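Q: Quick check, what structure comes out for this input:
(chains A and B)
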Protein chains: 2
Amino acid sequence: MSGLSVTFEAIRASFGPLCVGIDPSRDSLHSWGLPDTPDGALEMSLGVIDAASGRVGIVKPQVGYFERFGAEGFRALESVFSAARTAGLQIIADVKRGDIGSTMEGYAEAWLGDGPLGSDAMTVSPYQGFGALEPAFVAAEARGSVAFVLCATSNIDAATVQAARHGDRTLPAEIALLARERSNNDYTVGLVVGATRSLAESGLTEENLVESLILSPGFGAQGAALGDLTSIFGRASSWVIPSVSRSVLRGGPDGVATAIESHLAELGR
Amino acid sequence: MSGLSVTFEAIRASFGPLCVGIDPSRDSLHSWGLPDTPDGALEMSLGVIDAASGRVGIVKPQVGYFERFGAEGFRALESVFSAARTAGLQIIADVKRGDIGSTMEGYAEAWLGDGPLGSDAMTVSPYQGFGALEPAFVAAEARGSVAFVLCATSNIDAATVQAARHGDRTLPAEIALLARERSNNDYTVGLVVGATRSLAESGLTEENLVESLILSPGFGAQGAALGDLTSIFGRASSWVIPSVSRSVLRGGPDGVATAIESHLAELGR
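A: Numbers count the residues shown, from 1 in each chain, chains lettered A, B, ... in the order given. Sure, this is the predicted structure:
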């Protein structure tokens, strides 16, 4: 048992909760002077891991940026995972997979199993129903990992789905309720809640979120300030893992460590 | 322009709309006497492609069954795609990807681009909002391909999300409406609508669906009969692509061609 569900509190005590994204997009690679290839993506990722090591406890590779290269991209991603493990970093695989039955089992096996892409946590998408994600929850339980379920994301397009309601509850509130019901007083089932809109705008309350691990993108370049984490999440803030990506990458290879330290200072560390 | 958006009507005229799934799950590989490895998955897939060739026009690899093997699984999948193209089959990549911004662009580049996994259609998941999928729609338009948006799936767990409402519309009805608004009188934006529950149970009408391409799983082993396609989809049935997977695979390598022909007979061909 070595995944993020069982290690989170120790990581928070040692490094704080900050998570550094590994996002080798075309634009990021360009700003680093690297080719838009699997090798370029790997080189950038190794630079981020090097700067993250010893400063934070968690990294989050954004898998879409590797997948665009097909099998060669996945080969680079396997090398990234291997380097992150060697550096003692926990890995959140940001994949947003969601399916049913044995297909969902396949995705859980990929990202929460014993293979080369086995991670400490993965993100999952609930459009086909919260219960359809059960294979990921079972795999996370077996490994001490976390399945972070998309709940309230802060992109402007989200409302066409996330503003839908079950009676007096918004869809994000329904997902948060189901996550709490599914939890066995552990962190197996987490939530993804963006930081650039208030909880109230998504129909969520602090009480919906308390004691669930919360992966929260939207800090840094996307607009939310790490110093505002407590005012955004209130009593739930102790369980929030804020994630920063572009704001760390945009200074190029020589600026990553400084950018991470600046974000740690914003968190009061 | 060679994707499913521009070729569908010709395929329907030549072969009918049937789509054959390529699902090398652990159980399917076992029943075929093949190892649960990337090589086993490739061998099963080539057997399905061989039987599908000349009998149907469309195959649908279920990517989760390949992804569980990591980069080696993606390597096998690239060989599957290459064989399907050589056999003249259109490929629907069943990946159910969904994200925002440049990450969604990455997924669209992977599955609707010029790389080794470039497909004639992909499935996408709208939890982060219909508009967040725009990079897939743009990529599909450029290539004559289709982005099939998850709309109403027929698994029993689906209601925790899909029964949510925007006022008097269910979420599937909202997605169908947005898909029609986005379409430019072409098939770029399709819908995934399961066949094992009635349209009314999902809050959909035939009118919601008419003139959108509809990928419909749930036939064969999952319980819906191909002979009932017209009674399920009514006036929308001309645009339905029914998909069969387990019922085609369970007879083992020697039974695939016969099972496909039996399904074609159910469709009246």
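
Q: Only C-alpha atoms from now on, for both contacts and neighbour counts.
A: OK.

Q: does any bit of stretch A:28-37 sit next to chain B?
A: No: shown here: stretch A:28-37 not in contact with chain B (Cα under 8 Å from any Cα of the partner chain), separated by at least 10.6 Å.

Q: try stretch A:71-91
A: Yes: judged by Cα under 8 Å from any Cα, stretch A:71-91 comes into contact with chain B at A:Ala71, A:Glu72, A:Gly73, A:Phe74, A:Arg75, A:Glu78.

Q: which of those has the most neighbours?
A: Of all the residues of stretch A:71-91 next to chain B, the highest neighbour tally under other Cα atoms under 10 Å in any protein chain shown goes to A:Phe74, namely 26 neighbours.

Q: excluding its backbone neighbours, what's nearest that residue?
A: B:Ala71 (4.8 Å; Cα to Cα, 6 or more residues apart in numbering or on different chains).

Q: Any figure for the gap between that neighbour and A:Gly33?
A: Here B:Ala71 is placed at a distance of 26 Å from A:Gly33 (Cα to Cα, to the nearest Å).

Q: Quick check, A:Leu178 in contact with A:Phe130.
A: Yes: the pair A:Leu178 and A:Phe130 qualifies as a contact (Cα atoms under 8 Å) at a distance of 7.3 Å.

Q: Quick check: phi and psi at A:Thr37.
A: Per-residue torsions, A:Thr37: phi -140, psi 170 (degrees, to the nearest 10).

Q: Would you map the helices across the stretch 101-250 of chain A?
A: With helices called from DSSP state H, counting those that start in this stretch, the stretch 101-250 of chain A shows them at A:101-112, A:134-143, A:159-162, A:171-182, A:206-209, A:229-233, A:246-249.

Q: what mean pLDDT does the third one have?
A: Spelled out, that is helix A:159-162. Helix A:159-162 comes out with an average pLDDT of 93.

Q: what do you get for the second one?
A: Within the predicted structure, the mean pLDDT of helix A:134-143 is 97.

Q: swap in the fifth one?
A: When pLDDT is averaged along helix A:206-209, the result is 92.

Q: I'd like to know which elements it is packed against.
A: helix A:171-182 (3 or more Cα pairs under 8 Å, 6 or more residues apart in numbering or on different chains; DSSP states H and E).

Q: The helix it packs on - contacts with which helices or strands?
A: strand A:146-152, helix A:159-162, strand A:189-193, helix A:206-209.

Q: want to try JSON lines for the ones you listed, with mean neighbour count as columns?
A: Conversion of these to JSON lines gives the following (neighbours: other Cα atoms under 10 Å in any protein chain shown):
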{"stretch": "strand A:146-152", "mean neighbour count": "29"}
{"stretch": "helix A:159-162", "mean neighbour count": "23"}
{"stretch": "strand A:189-193", "mean neighbour count": "29"}
{"stretch": "helix A:206-209", "mean neighbour count": "18"}
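
Q: which parts of the stretch 151-269 of chain A sit against chain B?
A: A:153, A:155, A:157-166, A:171, A:174.

Q: Out of those, which comes closest to chain B?
A: Comparing those against chain B with Cα to the nearest Cα places A:Ala158 closest, at 4.0 Å.

Q: Quick check: that closest one touching B:Phe130?
A: Yes: A:Ala158 lies in contact with B:Phe130 (Cα under 8 Å); the separation is 7.4 Å.

Q: So between these two, which is more surrounded?
A: Each of A:Ala158 and B:Phe130 has its neighbours counted (other Cα under 10 Å); B:Phe130 has more, 23 against 20.

Q: distance of that one from A:Gly118?
A: With Cα to Cα as the criterion, B:Phe130 and A:Gly118 are 30 Å apart.

Q: Which positions within stretch A:225-232 qualify as buried?
A: Of all the residues in stretch A:225-232, those buried under the rule 16 or more other Cα atoms under 10 Å in any protein chain shown are A:Ala225, A:Leu226, A:Leu229, A:Ile232.

Q: mind giving me a markdown table with these and columns for pLDDT?
A: Conversion of those to a markdown table gives the following (pLDDT from 0 to 100):
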| residue | pLDDT |
| --- | --- |
| A:Ala225 | 92 |
| A:Leu226 | 95 |
| A:Leu229 | 94 |
| A:Ile232 | 94 |
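
Q: which of those lies closest to B:Ala136?
A: A:Ala225 (30.6 Å; Cα to Cα).

Q: burial of the closest residue to that closest one other than its chain neighbours, as a residue count?
A: Leaving aside its sequence neighbours, A:Ala225 sits nearest to A:Phe219 (Cα to Cα, 6+ apart; 5.8 Å). By the measure other Cα under 10 Å, the count of residues near A:Phe219 is 23.
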